[in-house]
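A.B. asks: What shape does this take:
(one chain, ligands or ions: 1)
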Amino acid sequence: MEILHDYSLGELKNLIEEMGEKPFRAGQIFRGIHSGKKISEITDISKDFRNKLLERFADSPVEIIGSKTSKLDGTVKFLFKLWDNNVIEGVLMKYKYGNTQCVSTQVGCRMGCAFCASGIGGLVRNLTAGEILGQITAVNAYLGGNTDKRQVTNVVLMGSGEPLDNYDNVVKFIRNLSAQGGLNVSPRNVSLSTCGLVPQMLKLAEEDLDVNLTVSLHNPFDERRKNLMPIANAYKVQEILDACNVYFKKTKRRYIFEYSLVRGENDTRECAEELIRLLKGRPCHVNLIRLNEVKEKDLKATADKDAYRFLGLLERGGLSATVRRQIGVDIDGACGQLRRNYLENNTELENGMEEGLF
Ligand code: SAH
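C.D. replies: Model (predicted):
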């Protein structure tokens with residue numbers, strides 16, 4: 001099956017002409033699907049044409065098959081089904097300034113970070129640009145939004161998968177997300193998180209996209225970083241910092257380091273001092289995350305008081321840093337956790353969950 005959300009407006013015009021229809025239909029279809037409608041629901045085109053499209057394209061790029069809402073902070077986790085029955089997850093976080101959606105870029109992941117549930121089972125497949133966008137059009141519509149009235153204002157590529165390991169589709173997704181006539185979400189409201197794939201970071205700097213760059217660091221020492229992130233065997237911290245520098249020069253956008261605190265691994269004074277040495281004076285911010293313990297992994301979270309002690313060290317050393325507010329801890333908040341629990345059949349969802357997918 002093909003995904004109609006993969007098409008830019010220009011590509012859609014060509015496709016529609018090839019199919020023997022008037023090109024102005026492209027705008028109607030683009031607006032319709034970006035508002036979250038299924039192809040079968042776009043009633044301003046003829047039924048015959050809808051059926052012709054449905055011979056080739058999936059009716060919708062993803063389908064929400066369940067959700068879980070945090071009683072603590074209103075965060076919602078979603079499970080989506082793809083046309084081939086693969087399942088991915090996403091999160092909607094509600095802030096005063098708007099709603100931020102966290103999207104997945106791959107089914108599974110091949111980076112194999114020691115603390116992360118998304119990588120268990122490896123990479124299943126890349127998502128297409130339209131399947132990434134479809135997560136947003138579906139949730140925007142679920143919240144009563146459309147292309148004129150946007151309910152999702154900010155997007156973070158921090159769900160399952162390594163975005164820069166699916167480079168072309170992710171860049172295309174960001175361009176289509178910001179398209180006029182579609183959801184028109186500015187790349188400045190999009191944050192892309194990478195484990196540090198240096199060549200792709202440099203390539204991204206050349207795209208003229210102005211997306212916010214976030215890098216998962218988790219340890220300032222190369223040798224010890226390898227314990228948590230196998231990708232550290234390929235790229236050194238210094239190479240990552242150099243790439244961030246290039247990115248900043250091109251985009252003038254401050255970058256962020258993610259640092260998930262793992263007890264005894266990366267929360268020592270020595271680590272704090274090395275972070276200060278490496279990062280002081282750079283246009284960056286350090287986001288300390290309390291490890292979300294995953295049952296398949298035996299890594300332990302740093303205690304809250306130690307996380308704040310670590311924060312104090314960084315701040316006194318002149319870094320801009322925060323401890324990230326914990327959200328959705330009661331709803332399998334960690335990356336890949338809800339999907340894993342769903343695949344293992346031991347999670348309860350609010351919405352009618354389809355039986356017999358697996
Ligand atoms: N592949 C991208 C996106 C990953 S998810 C990347 O590596 O940046 C976003 C962040 O959550 C990453 O920093 C990731 O390392 C972190 N993360 C994953 N699982 C976690 C867990 N169980 N607890 C805390 N942080 C986690």
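
A.B. asks: Quick one: neighbours of the nearest residue to residue 231 once chain neighbours are set aside, just the number.
C.D. replies: Residue nearest to residue 231 in three dimensions, not counting chain neighbours: residue 195, with 4.9 Å by C-beta to C-beta, 6 or more residues apart in numbering. Where you see a C-beta, it was placed from the backbone N, CA and C, and this is true even at glycine. Other residues near residue 195 number 26, with proximity taken as other C-beta atoms under 10 Å.

A.B. asks: and if you look at residue 114?
C.D. replies: Using other C-beta under 10 Å, residue 114 is surrounded by 17 other residues.

A.B. asks: Centre-most residue in the chain?
C.D. replies: Residue closest to the average C-alpha location in the chain (C-alpha atoms, centre = their mean): residue 157, at 2.1 Å.

A.B. asks: Dihedrals phi and psi, it?
C.D. replies: Backbone torsions for residue 157, taken as degrees, to the nearest 10, come to phi -90, psi 80.

A.B. asks: Now do the contacts for the residue nearest to residue 231.
C.D. replies: 111, 113, 162, 215-216, 229, 231 (C-beta atoms under 8 Å, 6 or more residues apart in numbering).

A.B. asks: and what of residue 86?
C.D. replies: 107, 124-125.

A.B. asks: likewise residue 186?
C.D. replies: Taking C-beta under 8 Å, 6+ apart, we find residue 186 in contact with 178, 210.

A.B. asks: same thing with residue 245?
C.D. replies: When contacts are counted by C-beta under 8 Å, 6+ apart, residue 245 touches residue 282.

A.B. asks: Around the ligand, which positions in the stretch 1-150 of the chain sit nearby?
C.D. replies: 113, 115-116 (C-beta under 6 Å from any ligand atom).

A.B. asks: again, 5 Å this time
C.D. replies: By C-beta under 5 Å from any ligand atom, the residues of the stretch 1-150 of the chain that approach the ligand are 115-116.

A.B. asks: And the strands in the stretch 1-150 of the chain?
C.D. replies: 62-69, 76-82, 87-95, 98-102, 106-108, 123-126 (DSSP state E, counting those that start in this stretch).

A.B. asks: and residue 252, how many residues sit next to it?
C.D. replies: Residue 252, neighbours per other C-beta under 10 Å, totals 9.

A.B. asks: should've said residue 29
C.D. replies: If we define neighbours as other C-beta under 10 Å, then residue 29 has 25 of them.

A.B. asks: what pLDDT does it get?
C.D. replies: Model confidence at residue 29, given as pLDDT, is 97.

A.B. asks: Go ahead and confirm it touches residue 16.
C.D. replies: Yes: assessed by C-beta atoms under 8 Å, residue 29 is found in contact with residue 16 at 7.3 Å.

A.B. asks: what's the distance between the residue nearest to the centre of the chain and the ligand?
C.D. replies: 7 Å (C-beta to the nearest ligand atom, to the nearest Å).

A.B. asks: so where's the stretch 1-150 of the chain uncertain?
C.D. replies: Within the stretch 1-150 of the chain, not a single segment meets pLDDT under 70.

A.B. asks: Mind telling me which residue of it is nearest the ligand?
C.D. replies: With C-beta to the nearest ligand atom, the shortest gap between the stretch 1-150 of the chain and the ligand falls at residue 116, namely 3.7 Å.

A.B. asks: Do I have it right that that residue meets residue 294?
C.D. replies: Yes: here residue 116 lies in contact with residue 294, judged by C-beta under 8 Å, at a distance of 7.3 Å.

A.B. asks: The two: which has the busier surroundings?
C.D. replies: residue 116 (24 against 20).

A.B. asks: how close does that one sit to residue 230?
C.D. replies: In this structure, residue 116 and residue 230 are 11 Å apart, going by C-beta to C-beta, to the nearest Å.

A.B. asks: follow-up on the earlier one: please dump the contacts of residue 195 into CSV; it should also carry distance to residue 56, neighbour count and secondary structure for every row.
C.D. replies: Shown next, in CSV, are the contacts of residue 195 (distance: C-beta to C-beta, whole Å; neighbours: other C-beta atoms under 10 Å; DSSP: H, G, I helix; E, B strand; the rest coil):
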residue, distance to residue 56, neighbour count, secondary structure
111, 33, 22, coil
113, 38, 21, coil
162, 30, 26, coil
215, 39, 24, strand
216, 38, 25, strand
229, 40, 22, coil
231, 37, 22, helix
